[in-house]
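Asker: Build me a structure from this.
(one chain, ligands or ions: 1)
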Amino acid sequence: MCGIVGYIGESTCGKPLEVCLQGLQRLEYRGYDSAGVALVNNQMTQVAVRKKAGRLSNLIDDIQRESLPEAIGAIGHTRWATNGAPSDVNAHPHTSSDGQIAIIHNGIIENANTLKIALQSEGYVFSSGTDTEVAAKLLGKIAQLVIEETGKPDLFEALRRMARMLTGAFTILAVDVRQPNIVVGARHDSPLVVGLGQGENFLGSDVAAFVAYTKEAMELGQDEAVCIDAHNVTVTDFYGNEVHDSHRFIIDWDATAAEKGGWDSFMNKEIHEDPAAVRETLLGRFNTKGDIVLDEVHIDEEDFRSIDKIIVVACGTASYAGLVAKYAIEHWVRIPVEIELAHEFRYRDPILTSRTLVVAISQSGETMDTLMALRHAREQGSKVLAICNTQGSTIPRESDAVLYTHAGPEIAVASTKAFVAQITATYLIGLYLAQVKGTMFRDEIHQIIEQLNAMPDKIQHVLDTQSEVVLEAAKAMKDAHSFLFLGRHVGYPVALEGALKLKEIAYTFTEGFAAGELKHGPIALVDAGEPVVIIVPSARGRNTLHNKVISAIEEVKARGAYTIVIAEENDPDVNKYADVIFWRPSCPTLLSPLVDVVPLQLFAMDIATLKGFDIDKPRNLAKSVTVE
Ligand code: M6R
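Answerer: Predicted structure coming up:
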């Protein structure tokens, strides 16, 4: 939800502020209700804090109008409001009563009210409505107690003591003018990674915070605290026991990958990276014989062979990727695949055994609902395989194994290239299972792999040939008040995803349905001019399915709908019922979601652009949902 960055370096200069503002720029996709920074140096008696409601640009303008002092250390925050409305006063950082400590926070402190009442009874006064200010005042109090006990300031110890008192989810970073040469942090159910530099170190919600300065990073585990100075990184548990086995990794993408690079929006750039996302996710996953090799997935072949059920847990777009996987994996592997919204999963007592493989799909690797679902699955004795796009994130770290998608950083809140990469990863898992379980002949698997390898070019073909038609359709439909999306078989999750994109960024009431469901209710919504988007499967080998969807188009057309149809090139049956056609190049039906979603991503983006909305930062949303 919120984005967090921390920096400490060797010398007093403008760099701490620069790192914070650059980091916040790259993290702004995590929340954009307000932004703020806190700076410390040797001469200060109080932390220098500046914060502003609204976009990061408001804060930057404010700092340009009135500059901040030079600093050694700094923390910065970009907020997605959970607790207290978006305003200057609720923006982070928050300070201790004496102004010597400042903190930033991501998450929700569930016992904040109880702590606040106790502090108020001791005379503490609060100016904001946030749980974070409670933590700031409490940390100030504990830091003072530590000084009284030991005769010297110890912010790291004070933070650990406070972390032990908090319930809920939090990542907290803190600075103290009495120890301006350190930045400390603690995490519980909320992300924090360390960036390792030369004569400087960094903290961030994710590696985007510091990738412009260092590629070396370190994961922090659950319930760990960290203290960075210019040369050292110390990690402990909340009781002060040192942790020595933190996992280090090299960030595998460049800072430029998280820049727009000439595109008008990240979403536009990322849709155009769909082909590369699929290609990169397939890369290196086959041996010279053409068999799938998933060595990085540290699950024994024997364990894979024994799997008799898959449950996919995910949210939003990632869950629709899981729904595509159901059709493919059940067909190839002949085992049941259930797909469950992660937030529903653990509340319904799911049937899990050691032979159930739970697949947790998440672009960010930080979605709290998905994290909670996978923890529940592991507690019940099932193995969890994560499909994730973000190195150093919590979901892969807490899973038994991970298959990374290589879509590169996805910045736009609306997920696009991650979706096609996730689908690709599920195909790899399905085909791998078919290979180890022997449910398909090797040559059949090789044929599908060949078709899969051809998909990036087909996606490119859609981008090259359909973008204009999509834009024209968007112009015609930009003022529509609602849309219906219909699909059958693998077209159904694509319909759901197309509908979600339009809701998210064009703020239009849109529903996705299984086309067969139309006559059971939704057709009542169809009136003259109602736009209905229909995904038509190929007629080749899927004739019955194809004909049934054509009938659905006929039915809505007969009631005056404006029909936008996705169909295979040269399909003669769609012309007479379609007002607009987005053509797909011929490809196997099970792989078709990879191409069919592309015009729908473009369509949502074009409509939102024509309406003048912020494509990358839609209202009320954040990229990574780290609260339940
Ligand atoms: O990071 P995750 O893949 O776990 O996120 C899951 C959903 O929150 C995410 O897909 C959301 O629905 C997107 N905004 C969709 O565009």
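
Asker: can you pull out the helices in the stretch 401-550 of the chain?
Answerer: 417-437, 442-453, 455-477, 491-506, 543-558 (DSSP state H, counting those that start in this stretch).

Asker: Dump the ones you listed to a markdown table, plus mean neighbour count and mean pLDDT.
Answerer: The way it works is simple: take the backbone N, C-alpha and C, and place the C-beta from them, glycine included. Formatted as a markdown table, those follow (neighbours: other Cβ atoms under 10 Å; pLDDT from 0 to 100):
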| stretch | mean neighbour count | mean pLDDT |
| --- | --- | --- |
| helix 417-437 | 26 | 97 |
| helix 442-453 | 15 | 96 |
| helix 455-477 | 18 | 97 |
| helix 491-506 | 26 | 97 |
| helix 543-558 | 18 | 90 |
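
Asker: now the closest residue to the ligand within the chain: how far from Gln25?
Answerer: Relative to the ligand, the nearest point of the chain is Gly316 (1.9 Å; Cβ to the nearest ligand atom). To Gln25, Gly316 is 25 Å away according to Cβ to Cβ, to the nearest Å.

Asker: again, but for Ala174
Answerer: Between Ala174 and Gln25 the computed distance is 23 Å (Cβ to Cβ).

Asker: next one: Ala277
Answerer: From Ala277 to Gln25 the distance is 23 Å (Cβ to Cβ).

Asker: of these two, who's got more company?
Answerer: Under the criterion of other Cβ atoms under 10 Å, the comparison of Ala277 against Gln25 puts Ala277 first, with 29 against 22.

Asker: from memory the more buried one sits against Ile423, does it?
Answerer: No. The criterion here is Cβ atoms under 8 Å, and Ala277 misses it with Ile423 at 9.9 Å.

Asker: So which residues on the protein come close to the ligand?
Answerer: Within the chain, the positions adjacent to the ligand are 315-318, 362-364, 367, 370, 413-415, 500, 504, 624-625 by Cβ under 6 Å from any ligand atom.

Asker: residues touching Ser57, list them.
Answerer: Taking Cβ atoms under 8 Å, 6 or more residues apart in numbering, we find Ser57 in contact with no residue.

Asker: got the contact list for stretch 139-159?
Answerer: Applying Cβ under 8 Å, 6+ apart, the set of residues contacting stretch 139-159 from outside is 95-98, 100-101, 103, 119, 122, 124, 161-162, 172, 174-176, 178-179, 182, 184-186, 225, 227, 234, 236, 240.

Asker: on that earlier part again, the residue of the chain closest to the ligand: what's it in contact with?
Answerer: Counting by Cβ under 8 Å, 6+ apart, Gly316 touches Ser415, Leu500.

Asker: okay, it: pLDDT?
Answerer: Among the per-residue scores, Gly316 shows a pLDDT of 97.

Asker: tell me the phi and psi of it?
Answerer: Backbone torsions for Gly316, taken as degrees, to the nearest 10, come to phi 50, psi -130.

Asker: quick one: it from Pro493, how far?
Answerer: 12 Å.

Asker: Same question for Asp88.
Answerer: Remark: distance between Asp88 and Pro493 (Cβ to Cβ) = 42 Å.

Asker: Let me see the ranges of the helices in the stretch 251-400 of the chain.
Answerer: 266-272, 274-282, 301-306, 316-333, 342-345, 368-379, 394-398.

Asker: quick one, which of these is nearest to Glu110?
Answerer: Closest to Glu110 of the helices of the stretch 251-400 of the chain, according to Cβ to Cβ: helix 368-379, at 12.8 Å.

Asker: elements contacting that closest one?
Answerer: With contacts taken as 3 or more Cβ pairs under 8 Å, 6 or more residues apart in numbering; DSSP states H and E, helix 368-379 sits against strand 309-314, helix 342-345, strand 356-362, strand 383-388, helix 394-398.

Asker: Work out the gap between it and the centre of the chain.
Answerer: Its chain's C-alpha centre lies 16 Å from the corresponding centre of helix 368-379 when counted by Cα atoms, centre = their mean, to the nearest Å.

Asker: Could you quantify the relative orientation of that helix and strand 356-362 as an angle?
Answerer: Angle, helix 368-379 to strand 356-362, by axes from the mean of the first three to the mean of the last three Cα atoms, to 10 degrees: 160 degrees.

Asker: and helix 368-379 with strand 309-314, angle?
Answerer: Going by the same axes, to 10 degrees, helix 368-379 makes 150 degrees with strand 309-314.

Asker: so where do the helices sit in the stretch 51-200 of the chain?
Answerer: Going by DSSP H, counting those that start in this stretch, the stretch 51-200 of the chain shows helices at 56-65, 112-121, 131-150, 155-165.

Asker: Distance to Glu569 and mean neighbour count added to the helices and strands packed on helix 368-379, as JSON lines?
Answerer: Output for those, formatted as JSON lines (distance: least, Cβ to Cβ, whole Å; neighbours: other Cβ atoms under 10 Å):
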{"stretch": "strand 309-314", "distance to Glu569": "31", "mean neighbour count": "26"}
{"stretch": "helix 342-345", "distance to Glu569": "37", "mean neighbour count": "20"}
{"stretch": "strand 356-362", "distance to Glu569": "30", "mean neighbour count": "28"}
{"stretch": "strand 383-388", "distance to Glu569": "31", "mean neighbour count": "27"}
{"stretch": "helix 394-398", "distance to Glu569": "39", "mean neighbour count": "23"}
